[in-house]
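Enquirer: Provided below are the primary sequence and the corresponding predicted coordinates.
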Amino acid sequence: MLSNQQRRYLRILAQATKPVVNIGKSGISGNLLEQVELALEAHELVKISVLETSPMPRDDAAKAVSEVTGAEIVQCIGRAVVLYRPSESHKTIELPVP
C-alpha cells in the first residue's frame, strides 16, 4: 500500500512518461496483460492509455489490470492510468519513506 507522499512522488515521475500500453477495442486480453507484466518488470512505473474504442470504462480497466498484475494504481486521469509495481530483478525507483 502506497502512502500519499509516495503516490505524489510517483505522479511526478509519471508526468514525463508516455503511455507504454494501449487498451483498445479488444479490451483486456492475455496478450495485453503479458505486455503490462513485461513493462512493469522493466520500468516499475507504467502509463496505460485507455482508448475511446475500449469496451471497458477507464476505472474498471485500471482495477482489472491492477488486480491481475498485482500493481498499485497510482493515478487515473483523463484516459490514462498509471500503475506501479516494484521490480523483482532490477529496482530503479526509490520511494520516499512515509
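Expert: Sure thing, it's come through.

Enquirer: Quick check: residue 47 is in a strand.
Expert: Yes: the assignment for residue 47, made by DSSP: H, G, I helix; E, B strand; the rest coil, places it in a strand.

Enquirer: That one - how many residues pack around it?
Expert: 20 (other Cβ atoms under 10 Å). (C-beta placed from N, C-alpha, C; glycine too.)

Enquirer: can you check residue 59 too?
Expert: The number of residues packed near residue 59 is 12, by other Cβ under 10 Å.

Enquirer: what do you get for residue 89?
Expert: Using other Cβ under 10 Å as the criterion, residue 89 is surrounded by 6 other residues.

Enquirer: contacting residues around it?
Expert: Residues near residue 89 by Cβ atoms under 8 Å, 6 or more residues apart in numbering: residue 41.

Enquirer: Three-state assignment for it, please.
Expert: For residue 89, the secondary-structure state derived from three-state DSSP is coil.

Enquirer: what are the phi and psi values for it?
Expert: For residue 89, the backbone dihedrals (degrees, to the nearest 10) come out as phi -90, psi -40.

Enquirer: Look up the closest residue to residue 42, ignoring the ones flanking it.
Expert: residue 87 (7.5 Å; Cβ to Cβ, 6 or more residues apart in numbering).

Enquirer: Compute the distance between the one you found and residue 41, please.
Expert: Applying Cβ to Cβ, to the nearest Å, one obtains 6 Å for the distance of residue 87 from residue 41.

Enquirer: Residue 10 too?
Expert: Summarising the geometry, the distance separating residue 10 from residue 41, computed by Cβ to Cβ, is 17 Å.

Enquirer: Could you do residue 20 as well?
Expert: Here the criterion is Cβ to Cβ. By it, residue 20 lies 12 Å from residue 41.

Enquirer: Helix or strand for the residue nearest the centre of the chain, just tell me which one.
Expert: Relative to the mean C-alpha position of the chain, the nearest C-alpha, by Cα atoms, centre = their mean, is the one of residue 83, at 2.2 Å. Taking DSSP states H and E as the criterion, the element that holds residue 83 is strand 80-84.

Enquirer: repeat for residue 22
Expert: Residue 22 belongs to strand 21-23 when assigned by DSSP H and E.
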